[in-house]
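Student: Need the 3D shape of this:
(one chain, ligands or ions: 1)
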Amino acid sequence: MSTEAKNCDVLIVGGGLAGASLACALEASGLSIEIIEAHPLNTDAQPCYDDRTVALSYGSRVIFEAMGLWPAMADKIEAIKTIHISDRGHLGVTRLRHDEEGVEALGYVAENRVLGEVLYQRLANNPKVRLHCPAQVLSLQQDEESVRLRYWENDEEHELSASLLIAADGVTSQIRELLQIGISRQNYQQSAVIANVTPGQPHQNIAYERFTDTGPLAFLPMTGGRCSVVWTVPTEQAAELMVLDDEFFLERLQQRFGFRLGCLKKTGQRHVYPLALVESTQIVRGRVVIMGNAAHAIHPVAGQGFNLALRDIALFAELLSLQPFASLKETLITYQVMREKDAQRVYRFTDALVKIFSNDFSVLGHVRTVGLLVTDLMPFVKHKLARQSMGLSGRLSKLGRGLRMDKSHV
Ligand SMILES: Cc1cc2nc3c(=O)[nH]c(=O)nc-3n(C[C@H](O)[C@H](O)[C@H](O)COP(=O)(O)OP(=O)(O)OC[C@H]3O[C@@H](n4cnc5c(N)ncnc54)[C@H](O)[C@@H]3O)c2cc1C
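Tutor: Residues are numbered from 1 along each chain as shown. Prediction:
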């Protein structure tokens, strides 16, 4: 066994979308960063960067733009110009339009693989970043001065010490467990079946969010005329959908969605995710900060999970850049206080959508119809819904306001 002690400023465990975005956001701070990632990148074994998609809010575009990453993404992702929200079997429909909000797009649909390529390309060009991959965490210790992590890489045991450790290791976070930080969990008894589907007609940059008695069904516009489908169903139905052959799967999907996009022609590989609201009971413990899905994994109905994480990352990078480690305790308290409101708003919004729109009670059916009609008829309500979906409500970080974190802002 060989152990090697090194030092860095920030140690990030987990190189998924959250961990890699944070490493990029910290570039302007000049801090040295080491990333420990369990799965080899660019292989099928790495589940984070496959052909799944995330809907990026307009606010996330602003953040990526301020980080200088947007030009590398822009022509590989598709804009959402209109969001069409409807309730299967009921009358109400609401449309949110980019021109009514004065923005080029309400959001963008990006393949995880594309985001991964852009983020890792940027990290490869930053000499202050080192990636350890594949590597397994063995243990973690911390005291007043530092955090020490023992990990396994290339058949050897190593040790790293850092001023700060970020746990961005996903919903089942090992770091959270090592620190014995609890979670609160709300199971929705639903799973999301996702697939990229080619419809018969052009999607015209419209995202369809269709609420049905068994759960929401989203068709999001992708490049190449495809749509990213997120189909939420009770968990037992998800198992049935997963074993259907492509033809029967498309038939079932067509029945559920209807013919707004013509006849569905082709489907890519399907993946299934059990859905729950999982919140870490603490997001800061000493010199460790919990981020991304490790901090809060939420239902994908409103496409908010990564967008929320990116807003956390933007503020965190700003605060850490202002005063790296001189008053870390205060910095971390400020971070928690400033991010709490946004997280609570997203939990409440998402949870309410799931509960109101995923059942077949006729009373709620009327409430939904009225809700959608009212929303459509009242510009103020619509505008508020759009700002929330675009990640532009509440107090924004510098990156969130489009300000670069170059030396003049650090
Ligand atoms: C069906 C579905 C649809 C979604 N759609 C949207 C959307 O439209 N918009 C949106 O904003 N969000 C969406 N989300 C949420 C979004 O996918 C997540 O917020 C995002 O992927 C979180 O990334 P993460 O890096 O925190 O976690 P993960 O993606 O889980 O990454 C964790 C990383 O840590 C690594 N790792 C794990 N354990 C260890 C360990 N012990 N040591 C080292 N490394 C480790 C993993 O290999 C991985 O690379 C969706 C989620 C689902 C399930």
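
Student: switch to C-alpha atoms for all contacts and neighbour counts from now on
Tutor: Fine.

Student: So which residues on the stretch 201-350 of the chain come close to the ligand?
Tutor: Contact residues, the stretch 201-350 of the chain versus the ligand (Cα under 6 Å from any ligand atom): 273, 292-294, 300, 303-307.

Student: Next step: these restricted to strands.
Tutor: Y273 (DSSP state E).

Student: List the residues that contact the nearest residue to Y188 once chain neighbours are set aside.
Tutor: With sequence-adjacent residues excluded and distances taken as Cα to Cα, 6 or more residues apart in numbering, Y188 is closest to A276, at 5.4 Å. Each residue near A276 by Cα atoms under 8 Å, 6 or more residues apart in numbering is listed here: 185-190, 297-299.

Student: Other residues contacting the longest strand seen in the chain?
Tutor: Longest strand in the chain by number of residues, with DSSP E as the criterion: strand 183-198. By Cα under 8 Å, 6+ apart, the list of residues contacting strand 183-198 from outside reads 52, 215, 225-235, 238, 241-242, 264-281.

Student: Helices along the protein, start to end?
Tutor: 17-25, 58-66, 70-74, 98-101, 112-124, 174-178, 235-243, 246-257, 305-322, 328-357, 362-377, 379-389 (DSSP state H).

Student: Any idea which of those gets closest to I80?
Tutor: Of all those, it is helix 98-101 that lies closest to I80, at 8.1 Å by Cα to Cα.

Student: Give me the average confidence score over the closest one.
Tutor: The pLDDT scores in helix 98-101 average 87.

Student: May I have it exported as PDB, CA atoms only?
Tutor: Output of helix 98-101 as PDB, limited to C-alpha atoms (Å, rounded to 0.1, in the frame of the first residue of the first chain):
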ATOM      1  CA  HIS A  98     -40.300  33.500 -25.200                       C
ATOM      2  CA  ASP A  99     -41.300  36.800 -26.900                       C
ATOM      3  CA  GLU A 100     -43.800  37.600 -24.100                       C
ATOM      4  CA  GLU A 101     -40.900  37.300 -21.700                       C
END
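
Student: List the buried residues in that helix.
Tutor: H98 (16 or more other Cα atoms under 10 Å).

Student: change the start of the numbering to 26 and stick with it
Tutor: New numbering, starting at 26: the last item is helix 123-126.

Student: Which single one of the residues of the stretch 226-375 of the chain next to the ligand is nearest to L81?
Tutor: If you rank those by distance to L81 using Cα to Cα, N332 comes first, at 6.3 Å.

Student: any idea how far L428 is from the closest one?
Tutor: N332 sits 18 Å away from L428, going by Cα to Cα, to the nearest Å.

Student: Comparing those two, which residue is more hemmed in?
Tutor: Between N332 and L428, counted using other Cα atoms under 10 Å, N332 has the larger neighbour count: 24 against 15.

Student: Isn't the more buried one up against S82?
Tutor: Yes. With contact defined as Cα atoms under 8 Å, N332 counts as touching S82 (6.4 Å).

Student: Can you report how many residues neighbour A192?
Tutor: Other residues within reach of A192 by the criterion other Cα under 10 Å amount to 28.

Student: which of the residues in stretch 305-317 are buried?
Tutor: In stretch 305-317, counting by 16+ other Cα under 10 Å, buried: 305, 308-309, 311-317.

Student: and if you look at stretch 254-268?
Tutor: When burial is assessed from 16+ other Cα under 10 Å, stretch 254-268 yields the following buried residues: 254-260, 263, 266-267.

Student: One more: stretch 144-155?
Tutor: Along stretch 144-155, these residues count as buried under the neighbour rule (16+ other Cα under 10 Å): 144-145, 147-148, 151, 153-155.

Student: Next: stretch 355-366.
Tutor: Of the residues in stretch 355-366, those buried by neighbour count under the rule 16+ other Cα under 10 Å are 356-357, 360-361, 363-364.

Student: same thing with stretch 157-176?
Tutor: Buried positions in stretch 157-176, judged by neighbour count with 16+ other Cα under 10 Å: 157-158, 160-162, 165, 167, 171-176.

Student: Next: stretch 224-234.
Tutor: Going by 16+ other Cα under 10 Å, stretch 224-234 has these buried residues: 224-225, 228, 230-234.

Student: swap in stretch 53-71?
Tutor: Under the neighbour-count criterion of 16+ other Cα under 10 Å, stretch 53-71 has 53-54, 56-64, 66 buried.

Student: will you turn those residues into JSON lines that also has pLDDT and distance to the ligand?
Tutor: Formatted as JSON lines, the entries for those read as follows, by pLDDT from 0 to 100; distance: Cα to the nearest ligand atom, whole Å:
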{"residue": "A53", "pLDDT": "91", "distance to the ligand": "21"}
{"residue": "S54", "pLDDT": "92", "distance to the ligand": "21"}
{"residue": "L56", "pLDDT": "94", "distance to the ligand": "20"}
{"residue": "S57", "pLDDT": "96", "distance to the ligand": "18"}
{"residue": "I58", "pLDDT": "97", "distance to the ligand": "15"}
{"residue": "E59", "pLDDT": "97", "distance to the ligand": "12"}
{"residue": "I60", "pLDDT": "97", "distance to the ligand": "8"}
{"residue": "I61", "pLDDT": "97", "distance to the ligand": "5"}
{"residue": "E62", "pLDDT": "97", "distance to the ligand": "4"}
{"residue": "A63", "pLDDT": "96", "distance to the ligand": "4"}
{"residue": "H64", "pLDDT": "92", "distance to the ligand": "5"}
{"residue": "L66", "pLDDT": "79", "distance to the ligand": "8"}
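
Student: Of the residues you listed, which belong to strands?
Tutor: Secondary structure from DSSP E places 58-61 of these in strands.

Student: now for those, which pair is the farthest apart?
Tutor: Of all pairs drawn from these, the one with the largest separation by Cα to Cα is I58 and I61; the distance is 10.1 Å.

Student: Give the residues shared as contacts by the two.
Tutor: Overlap between the neighbourhoods of I58 and I61 consists of 36-37, taking contacts as Cα under 8 Å, 6+ apart.

Student: near the ligand, which residues of the stretch 26-175 of the chain show up?
Tutor: 38-44, 61-64, 73, 79-81, 161-162.

Student: count of neighbours near the residue lying closest to T356 once chain neighbours are set aside?
Tutor: Taking Cα to Cα, 6+ apart as the measure, T356 lies nearest to L344, with 6.4 Å between them; neighbours along the chain are not counted. Using other Cα under 10 Å, L344 is surrounded by 19 other residues.
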